[in-house]
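S.K.: Quick one: sequence and predicted model below, then my questions.
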Amino acid sequence: MGIVLGPNQYGKAEVRMVHVDRSTDVHRITDVNVTSQLIGDFSATHLTGDNSDVIATDTQKNTVYALARTGGVGTIEDFALRLARTFVGPYPQVTGARMAVEQFGWDRIQTPDGPHDHSFVRGSAEVRTTVVTKDGTDPDGERVISGVRDLVVLKSTGSEFWGFPKVPYTALVETKDRIMATSVTARWVYTGTDLDWDATFTLVRSTMLAEFAQLHSLSLQQTLFAMGRAVLETVPEIGEIRLSMPNKHHFLVDLSAWDLDNPNQVFFAADRPYGLIEAAVQRDDAPVDPAVWQGVPGFV
Ligand SMILES: O=c1[nH]c(=O)c2[nH]c(=O)[nH]c2[nH]1
(Lines give C-alpha, C1' and ligand atoms only; values in the text may rest on other atoms or scores of the structure.)
Protein backbone atom coordinates (compact mmCIF):
# COMPACT_ATOMS: atom_id res chain seq x y z
CA MET A 1 0.00 0.00 0.00
CA GLY A 2 1.34 3.42 -0.91
CA ILE A 3 0.39 6.79 0.50
CA VAL A 4 0.66 9.69 -1.92
CA LEU A 5 0.12 13.43 -1.87
CA GLY A 6 -3.15 14.52 -3.47
CA PRO A 7 -4.30 17.92 -4.72
CA ASN A 8 -2.87 20.79 -2.70
CA GLN A 9 -2.63 24.55 -2.62
CA TYR A 10 -1.18 27.00 -0.14
CA GLY A 11 -0.94 30.71 0.47
CA LYS A 12 -1.90 33.57 2.77
CA ALA A 13 -5.55 33.84 3.74
CA GLU A 14 -7.43 37.01 4.59
CA VAL A 15 -4.90 39.76 4.03
CA ARG A 16 -6.91 42.73 5.23
CA MET A 17 -5.74 45.83 3.44
CA VAL A 18 -6.98 49.39 3.09
CA HIS A 19 -5.53 51.45 0.26
CA VAL A 20 -5.81 55.25 0.25
CA ASP A 21 -5.62 56.95 -3.12
CA ARG A 22 -4.21 60.37 -2.23
CA SER A 23 -3.63 61.53 -5.78
CA THR A 24 -5.99 64.42 -5.11
CA ASP A 25 -7.20 66.01 -1.87
CA VAL A 26 -10.41 64.02 -2.37
CA HIS A 27 -9.14 60.70 -1.08
CA ARG A 28 -10.55 57.39 -2.28
CA ILE A 29 -10.32 54.28 -0.13
CA THR A 30 -10.41 50.63 -1.11
CA ASP A 31 -10.98 48.13 1.71
CA VAL A 32 -10.31 44.51 0.81
CA ASN A 33 -9.69 41.05 2.17
CA VAL A 34 -7.34 39.04 -0.07
CA THR A 35 -6.64 35.32 -0.04
CA SER A 36 -3.75 34.17 -2.23
CA GLN A 37 -3.29 30.48 -3.06
CA LEU A 38 -0.62 28.90 -5.26
CA ILE A 39 -0.94 25.57 -7.04
CA GLY A 40 1.90 23.54 -8.54
CA ASP A 41 4.55 21.01 -7.73
CA PHE A 42 5.09 21.37 -4.03
CA SER A 43 5.66 17.71 -3.31
CA ALA A 44 9.15 18.26 -1.88
CA THR A 45 8.02 20.32 1.07
CA HIS A 46 5.09 18.00 1.80
CA LEU A 47 7.17 14.83 1.55
CA THR A 48 10.55 15.85 2.96
CA GLY A 49 10.30 19.43 4.20
CA ASP A 50 12.55 20.68 1.38
CA ASN A 51 11.31 24.25 0.96
CA SER A 52 13.42 25.21 -2.05
CA ASP A 53 10.29 25.59 -4.23
CA VAL A 54 8.06 27.27 -1.66
CA ILE A 55 7.20 30.92 -2.32
CA ALA A 56 6.54 31.75 1.33
CA THR A 57 3.01 32.71 2.33
CA ASP A 58 4.62 35.78 3.91
CA THR A 59 5.94 36.73 0.47
CA GLN A 60 2.45 36.33 -0.98
CA LYS A 61 1.10 38.70 1.69
CA ASN A 62 3.83 41.25 1.00
CA THR A 63 3.09 41.04 -2.73
CA VAL A 64 -0.50 42.08 -2.03
CA TYR A 65 0.75 45.21 -0.27
CA ALA A 66 3.44 45.93 -2.86
CA LEU A 67 1.07 45.65 -5.83
CA ALA A 68 -1.29 48.08 -4.10
CA ARG A 69 1.59 50.49 -3.54
CA THR A 70 2.88 50.33 -7.10
CA GLY A 71 -0.37 50.23 -9.08
CA GLY A 72 -3.19 50.93 -6.66
CA VAL A 73 -5.96 48.41 -6.17
CA GLY A 74 -8.45 49.38 -8.87
CA THR A 75 -11.22 46.84 -9.26
CA ILE A 76 -10.92 43.67 -7.24
CA GLU A 77 -11.07 41.64 -10.47
CA ASP A 78 -8.09 43.44 -12.01
CA PHE A 79 -6.20 43.29 -8.72
CA ALA A 80 -6.72 39.52 -8.46
CA LEU A 81 -5.61 39.06 -12.08
CA ARG A 82 -2.46 41.12 -11.44
CA LEU A 83 -1.70 39.04 -8.36
CA ALA A 84 -2.17 35.75 -10.21
CA ARG A 85 0.07 36.91 -13.07
CA THR A 86 2.78 37.89 -10.58
CA PHE A 87 3.18 34.29 -9.49
CA VAL A 88 2.08 32.17 -12.48
CA GLY A 89 4.79 32.45 -15.13
CA PRO A 90 7.94 33.64 -13.36
CA TYR A 91 8.28 30.52 -11.20
CA PRO A 92 8.31 27.15 -13.00
CA GLN A 93 7.03 25.25 -9.97
CA VAL A 94 3.94 27.49 -9.75
CA THR A 95 1.51 26.19 -12.37
CA GLY A 96 -1.61 27.91 -11.13
CA ALA A 97 -3.08 30.38 -8.69
CA ARG A 98 -6.38 31.11 -7.05
CA MET A 99 -6.89 34.65 -5.80
CA ALA A 100 -10.02 35.53 -3.83
CA VAL A 101 -10.80 39.14 -2.99
CA GLU A 102 -13.70 40.60 -1.00
CA GLN A 103 -14.43 44.32 -0.94
CA PHE A 104 -16.18 46.22 1.84
CA GLY A 105 -18.06 49.39 1.00
CA TRP A 106 -17.42 52.84 2.42
CA ASP A 107 -19.50 55.93 1.65
CA ARG A 108 -18.22 59.46 1.83
CA ILE A 109 -19.63 61.27 4.88
CA GLN A 110 -22.09 63.96 3.88
CA THR A 111 -21.61 67.18 5.85
CA PRO A 112 -23.55 70.46 5.78
CA ASP A 113 -20.70 71.66 3.52
CA GLY A 114 -21.06 68.70 1.13
CA PRO A 115 -19.34 65.32 0.79
CA HIS A 116 -16.23 65.16 2.93
CA ASP A 117 -12.83 64.73 1.27
CA HIS A 118 -11.35 62.17 3.61
CA SER A 119 -14.01 60.93 6.05
CA PHE A 120 -16.09 57.86 5.36
CA VAL A 121 -18.90 55.84 6.90
CA ARG A 122 -19.08 52.08 6.44
CA GLY A 123 -21.66 51.24 3.78
CA SER A 124 -24.20 48.44 3.96
CA ALA A 125 -23.14 44.97 5.07
CA GLU A 126 -23.07 43.91 1.42
CA VAL A 127 -19.72 42.55 0.20
CA ARG A 128 -18.48 42.42 -3.40
CA THR A 129 -16.46 39.30 -4.18
CA THR A 130 -14.25 37.79 -6.84
CA VAL A 131 -12.34 34.55 -7.28
CA VAL A 132 -9.74 34.57 -10.07
CA THR A 133 -8.04 31.37 -11.13
CA LYS A 134 -5.09 31.16 -13.48
CA ASP A 135 -3.96 27.87 -14.98
CA GLY A 136 -0.46 28.48 -16.32
CA THR A 137 -0.58 25.33 -18.45
CA ASP A 138 -3.46 26.73 -20.56
CA PRO A 139 -3.08 29.95 -22.63
CA ASP A 140 -6.79 30.67 -22.00
CA GLY A 141 -6.47 29.63 -18.40
CA GLU A 142 -7.65 32.80 -16.65
CA ARG A 143 -11.12 32.67 -15.15
CA VAL A 144 -13.02 35.36 -13.23
CA ILE A 145 -15.97 34.52 -11.00
CA SER A 146 -17.42 37.62 -9.37
CA GLY A 147 -20.26 38.04 -6.97
CA VAL A 148 -21.93 39.67 -4.05
CA ARG A 149 -22.88 38.40 -0.62
CA ASP A 150 -25.04 39.67 2.22
CA LEU A 151 -27.20 41.71 -0.16
CA VAL A 152 -30.25 41.91 2.12
CA VAL A 153 -33.61 42.69 0.50
CA LEU A 154 -37.24 42.66 1.60
CA LYS A 155 -40.59 43.26 -0.04
CA SER A 156 -43.58 43.97 2.18
CA THR A 157 -46.14 42.60 -0.28
CA GLY A 158 -46.19 41.06 -3.74
CA SER A 159 -45.26 37.59 -2.47
CA GLU A 160 -47.48 34.52 -2.18
CA PHE A 161 -46.86 30.89 -1.26
CA TRP A 162 -49.61 28.31 -1.76
CA GLY A 163 -50.43 25.13 -3.66
CA PHE A 164 -47.82 22.99 -1.92
CA PRO A 165 -48.73 19.34 -1.10
CA LYS A 166 -50.29 18.67 2.29
CA VAL A 167 -48.18 15.65 3.25
CA PRO A 168 -47.84 14.33 6.81
CA TYR A 169 -46.57 17.06 9.16
CA THR A 170 -47.48 19.90 6.80
CA ALA A 171 -48.67 22.73 9.02
CA LEU A 172 -47.83 25.78 6.92
CA VAL A 173 -50.86 27.91 6.10
CA GLU A 174 -51.20 29.02 2.50
CA THR A 175 -50.73 32.74 1.97
CA LYS A 176 -51.55 35.18 -0.81
CA ASP A 177 -49.67 38.01 0.85
CA ARG A 178 -46.51 37.68 2.90
CA ILE A 179 -43.25 39.46 3.52
CA MET A 180 -40.44 38.11 1.37
CA ALA A 181 -36.94 38.76 2.65
CA THR A 182 -33.60 37.25 1.82
CA SER A 183 -29.87 37.82 1.91
CA VAL A 184 -28.59 37.22 -1.59
CA THR A 185 -25.29 35.49 -2.22
CA ALA A 186 -24.59 35.33 -5.93
CA ARG A 187 -21.57 34.36 -7.99
CA TRP A 188 -21.34 34.61 -11.74
CA VAL A 189 -18.76 33.37 -14.24
CA TYR A 190 -17.44 35.77 -16.83
CA THR A 191 -16.59 34.33 -20.23
CA GLY A 192 -13.71 36.81 -20.67
CA THR A 193 -11.13 38.70 -18.62
CA ASP A 194 -11.23 42.10 -20.32
CA LEU A 195 -14.35 43.90 -19.13
CA ASP A 196 -15.41 47.06 -17.37
CA TRP A 197 -15.68 45.24 -14.06
CA ASP A 198 -17.26 48.11 -12.10
CA ALA A 199 -19.91 48.85 -14.71
CA THR A 200 -20.77 45.17 -15.08
CA PHE A 201 -21.00 44.64 -11.32
CA THR A 202 -23.31 47.64 -11.01
CA LEU A 203 -25.47 46.33 -13.86
CA VAL A 204 -25.73 42.81 -12.38
CA ARG A 205 -26.61 44.17 -8.96
CA SER A 206 -29.27 46.57 -10.25
CA THR A 207 -30.73 43.88 -12.53
CA MET A 208 -31.11 41.46 -9.61
CA LEU A 209 -32.64 44.13 -7.38
CA ALA A 210 -35.13 45.29 -10.03
CA GLU A 211 -36.25 41.72 -10.69
CA PHE A 212 -36.67 41.03 -6.96
CA ALA A 213 -38.77 44.17 -6.66
CA GLN A 214 -40.87 43.84 -9.81
CA LEU A 215 -41.70 40.13 -9.94
CA HIS A 216 -44.95 39.25 -8.18
CA SER A 217 -43.57 36.17 -6.49
CA LEU A 218 -45.25 32.80 -6.03
CA SER A 219 -42.15 31.28 -4.40
CA LEU A 220 -38.62 32.29 -3.48
CA GLN A 221 -37.50 29.67 -6.01
CA GLN A 222 -39.37 31.56 -8.75
CA THR A 223 -37.79 34.83 -7.63
CA LEU A 224 -34.30 33.31 -7.57
CA PHE A 225 -34.59 31.90 -11.08
CA ALA A 226 -36.05 35.14 -12.44
CA MET A 227 -33.17 37.13 -10.94
CA GLY A 228 -30.60 34.79 -12.48
CA ARG A 229 -32.36 34.73 -15.85
CA ALA A 230 -32.55 38.53 -15.93
CA VAL A 231 -28.80 38.75 -15.31
CA LEU A 232 -28.00 36.31 -18.13
CA GLU A 233 -30.38 38.13 -20.48
CA THR A 234 -28.84 41.50 -19.62
CA VAL A 235 -25.12 40.67 -19.53
CA PRO A 236 -23.91 38.53 -22.45
CA GLU A 237 -20.42 38.25 -20.96
CA ILE A 238 -21.76 36.14 -18.08
CA GLY A 239 -21.93 32.39 -18.72
CA GLU A 240 -23.69 31.18 -15.58
CA ILE A 241 -24.87 32.56 -12.25
CA ARG A 242 -25.36 30.73 -8.99
CA LEU A 243 -27.57 32.09 -6.25
CA SER A 244 -28.03 31.17 -2.61
CA MET A 245 -31.01 32.80 -0.93
CA PRO A 246 -32.13 32.12 2.63
CA ASN A 247 -35.84 32.66 3.20
CA LYS A 248 -35.78 35.11 6.10
CA HIS A 249 -39.18 34.23 7.51
CA HIS A 250 -41.47 36.91 8.89
CA PHE A 251 -44.36 35.40 10.85
CA LEU A 252 -47.58 37.29 11.41
CA VAL A 253 -48.06 37.83 15.15
CA ASP A 254 -51.37 36.58 16.56
CA LEU A 255 -52.82 39.52 18.51
CA SER A 256 -56.31 38.02 18.96
CA ALA A 257 -55.76 37.45 22.69
CA TRP A 258 -55.94 41.23 23.05
CA ASP A 259 -58.88 41.57 20.66
CA LEU A 260 -56.64 43.09 18.00
CA ASP A 261 -56.64 42.10 14.37
CA ASN A 262 -53.37 42.00 12.40
CA PRO A 263 -53.89 42.80 8.73
CA ASN A 264 -50.29 42.04 7.70
CA GLN A 265 -48.80 44.79 9.83
CA VAL A 266 -46.97 43.24 12.80
CA PHE A 267 -44.46 40.45 12.11
CA PHE A 268 -42.04 38.38 14.13
CA ALA A 269 -38.71 38.41 12.26
CA ALA A 270 -37.25 34.95 12.89
CA ASP A 271 -33.53 34.43 12.39
CA ARG A 272 -33.55 30.62 12.42
CA PRO A 273 -34.36 28.14 11.13
CA TYR A 274 -34.64 29.53 7.64
CA GLY A 275 -35.50 28.05 4.28
CA LEU A 276 -32.46 27.88 2.02
CA ILE A 277 -33.06 28.12 -1.70
CA GLU A 278 -30.07 27.62 -4.01
CA ALA A 279 -29.73 27.13 -7.74
CA ALA A 280 -27.54 27.64 -10.77
CA VAL A 281 -29.02 29.47 -13.75
CA GLN A 282 -27.37 28.44 -17.00
CA ARG A 283 -27.39 29.01 -20.77
CA ASP A 284 -28.52 25.84 -22.54
CA ASP A 285 -26.65 26.79 -25.72
CA ALA A 286 -23.34 27.65 -24.00
CA PRO A 287 -22.94 25.65 -20.82
CA VAL A 288 -20.07 26.53 -18.51
CA ASP A 289 -17.70 23.69 -17.59
CA PRO A 290 -18.81 22.69 -14.05
CA ALA A 291 -15.11 22.36 -13.15
CA VAL A 292 -14.80 26.17 -13.04
CA TRP A 293 -16.82 26.12 -9.80
CA GLN A 294 -14.42 23.75 -8.07
CA GLY A 295 -13.15 25.33 -4.90
CA VAL A 296 -15.58 28.23 -4.99
CA PRO A 297 -17.31 28.28 -1.65
CA GLY A 298 -21.06 28.43 -1.46
CA PHE A 299 -23.51 26.03 -2.88
CA VAL A 300 -24.71 23.57 -5.53
O1 LIG B 1 -40.90 30.52 -1.20
C2 LIG B 1 -40.97 29.50 -0.49
N3 LIG B 1 -40.47 28.32 -0.96
C4 LIG B 1 -40.51 27.17 -0.22
O5 LIG B 1 -40.04 26.09 -0.68
C6 LIG B 1 -41.11 27.23 1.05
N7 LIG B 1 -41.31 26.31 2.03
C8 LIG B 1 -41.91 26.96 3.07
O9 LIG B 1 -42.22 26.43 4.16
N10 LIG B 1 -42.10 28.27 2.76
C11 LIG B 1 -41.62 28.47 1.51
N12 LIG B 1 -41.53 29.58 0.73
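M.R.: Cool, the structure landed.
S.K.: Spell out which residues of the chain are next to the ligand.
M.R.: For the chain, the residues in contact with the ligand (CB under 6 Å from any ligand atom) are Phe161, Leu172, Ser219, Leu220, Gln221, Asn247, Gly275. Every C-beta, even on glycine, is put in place using the N, C-alpha and C of the backbone.
S.K.: tell me which of these is nearest to Gly239?
M.R.: Nearest to Gly239 among the residues of the chain next to the ligand: Gln221, at 21.7 Å, using CB to CB.
S.K.: what's the pLDDT at the closest one?
M.R.: Gln221 carries a pLDDT value of 98.
S.K.: Quick check: it vs Glu240, distance?
M.R.: Applying CB to CB, to the nearest Å, the value for Gln221 to Glu240 is 17 Å.
S.K.: Of these two, which one has the most company?
M.R.: Neighbour comparison, Gln221 and Glu240: the larger count goes to Glu240, with 24 against 16 (by other CB atoms under 10 Å).
S.K.: What residues does that one make contact with?
M.R.: Glu240 is in contact with Trp188, Val189, Leu232, Ala280, Val281, Gln282, Arg283, Pro287, Val288, counting by CB atoms under 8 Å, 6 or more residues apart in numbering.
S.K.: The first one contacts Ala230, correct?
M.R.: No: between Trp188 and Ala230 there is no contact, the gap being 11.9 Å when judged by CB atoms under 8 Å.
S.K.: Who has more neighbours out of the two?
M.R.: Between Trp188 and Ala230, counted using other CB under 10 Å, the more crowded position is Trp188 (26 against 20).
S.K.: roughly how far apart are the residue lying farthest from the centre of the chain and the ligand?
M.R.: Each residue of the chain has a distance to the centre, and by CA atoms, centre = their mean the biggest one is for Asp259: 46.2 Å. With the distance defined as CB to the nearest ligand atom, to the nearest Å, Asp259 ends up 29 Å from the ligand.
S.K.: how about that residue, phi and psi?
M.R.: Note on Asp259: backbone dihedrals following degrees, to the nearest 10 are phi 60, psi 30.
S.K.: per the record, what domains does this protein have?
M.R.: 10-137, 146-289 (automatic domain parsing).
S.K.: In terms of pLDDT, where does the residue farthest from the centre of the chain sit?
M.R.: According to the predicted model, the pLDDT of Asp259 comes to 98.
S.K.: Repeat that for Gly49.
M.R.: On the pLDDT scale, Gly49 gets 98.
S.K.: Distance-wise, check it relative to the ligand.
M.R.: According to CB to the nearest ligand atom, Gly49 stands 52 Å off from the ligand.
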